[in-house]
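>>> Fold the following, please.
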Amino acid sequence: MDSDALNTFLVVHRRGGISNAAKFLHRSQPAISRRIALLEQELGVPLFERIAGRTRLSDAGRVLIPYAERAVAAAQDAEQAIRALTKQNSGPVSLAVTGTLADGRLSGIMKRFVAENPAVAFALRTATSAEVSDLIRRGEATIGLRYNADRADDLAYELVLREALQVVCASDHPLAGKRVKRLAELRGERWIAFPETRGRREIAAAHVFALFLTQGLGGVEWTAVDSLTAQKRLVEAGFGLALLAQSHVAEELRAGAISTITVGDLAADQHIVLVTRRGGFLSAAALRLLETIRRDYARADVSNIRGGRKRSPARKVVARRRRA
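Just a heads-up that it's a prediction; the model follows:
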């Protein structure tokens, strides 16, 4: 069993069949079929089944997936490590980020990194938080940037920023620029939030509900909007309130398009974390990108003050261990 056979198996699974896998790998369909047949022969079990004209994983195929992903990623690590011996300042580096983190701060990071490392083949991908981790796990991205850490022993998470959340409203809202003592005073407002989507860690309706429930309050009226830009435009138009990170609304606040409502008993933030594969190889270029991201977010953390008190330092490794 070699890494090429396992990679072919993974591509057939992800592309939904032999034909699409052949196109993706630039090989003939018989060559792909033969590769899978030899792998199945070696393992002694079928890895795929044909159901209603579609290629589906067998039980054995489902078991093989995580092992195949790790094996292929390890082979890629080995290849990159050998190449790095002769090319310290070049090679590919890919960054996978949650869509709402692809903002002005990230643009500045990328601009500096590319300018300082012109020989590096840099690539950016956007995805949900769960998808970011999957891309790192499969070796399809070098570094990830997402919201919150999850339970994954094969990945390493590093907290780079605890970003304060604030209530934003239209600039002509009666409470714009004012302070209320308790969140309960905003219970009658309509709220705008991301819908609950598997794998997404942005501030969704459930997070807003939880803030009210922790204070013994019932549900609130809300509208699901699956776009940060659309949320901000609706807030500007007076359609409702939203709970957003400071960085997401900095431009609108400077322009006076929206305003904030300070809530005395609101203490909410979200964690932004770096993701790498635990024990995976990181080239010199990838390490420089990691350090560039850390420095930039560390500066943001220093200025992240709420209620006159600085937050605790954000930079630390988030350890995830199985419970005994």
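>>> From now on I want contacts and neighbour counts done on CA atoms only, so please keep to that.
Noted.
>>> Specify the next element, helix or strand, located C-terminal of the helix or strand hosting Ala164.
Secondary structure assignment for Ala164, by DSSP states H and E: strand 155-170. Reading on from strand 155-170 to the C-terminus, the next helix or strand found by DSSP H and E is strand 179-180.
>>> What strands flank that following strand, and is each parallel or antiparallel?
On the basis of DSSP bridges, the sheet neighbours of strand 179-180 come out as strand 258-263 (parallel).
>>> now the helix or strand following the strand it pairs with against strand 155-170, angle please.
Once the chain leaves strand 258-263, the next helix or strand it forms, by DSSP H and E, is strand 269-277. Between the axes of strand 269-277 and strand 155-170, defined by axes from the mean of the first three to the mean of the last three C-alpha atoms, to 10 degrees, the angle is 150 degrees.
>>> What are the buried residues along strand 269-277?
Of the residues in strand 269-277, those scored as buried under the neighbour-count criterion (16 or more other C-alpha atoms under 10 Å) are 269-277.
>>> for stretch 143-155, same thing?
Using 16+ other C-alpha under 10 Å as the test for burial, stretch 143-155 gives 143-149, 152, 155.
>>> which one of those is nearest Gly238?
Relative to Gly238, the closest of the buried residues of stretch 143-155 is Tyr147; by C-alpha to C-alpha it sits at 27.8 Å.
>>> where does the closest one fall, phi/psi-wise?
The main-chain torsion angles of Tyr147 are listed as degrees, to the nearest 10 and equal phi -90, psi 130.
>>> which residue packs closest to it, ignoring adjacent ones?
Counting by C-alpha to C-alpha, 6 or more residues apart in numbering, the nearest residue to Tyr147 once its immediate chain neighbours are dropped is Ile272, at 4.7 Å.
>>> unless I'm mixing things up, the one you found is touching Asp150, no?
No. Assessed by C-alpha atoms under 8 Å, Ile272 is found out of contact with Asp150, at 12.0 Å.
>>> Point out where the stretch 151-300 of the chain drops to low pLDDT.
Along the stretch 151-300 of the chain, segments meeting pLDDT under 70 span 197-209, 213-219, 300.
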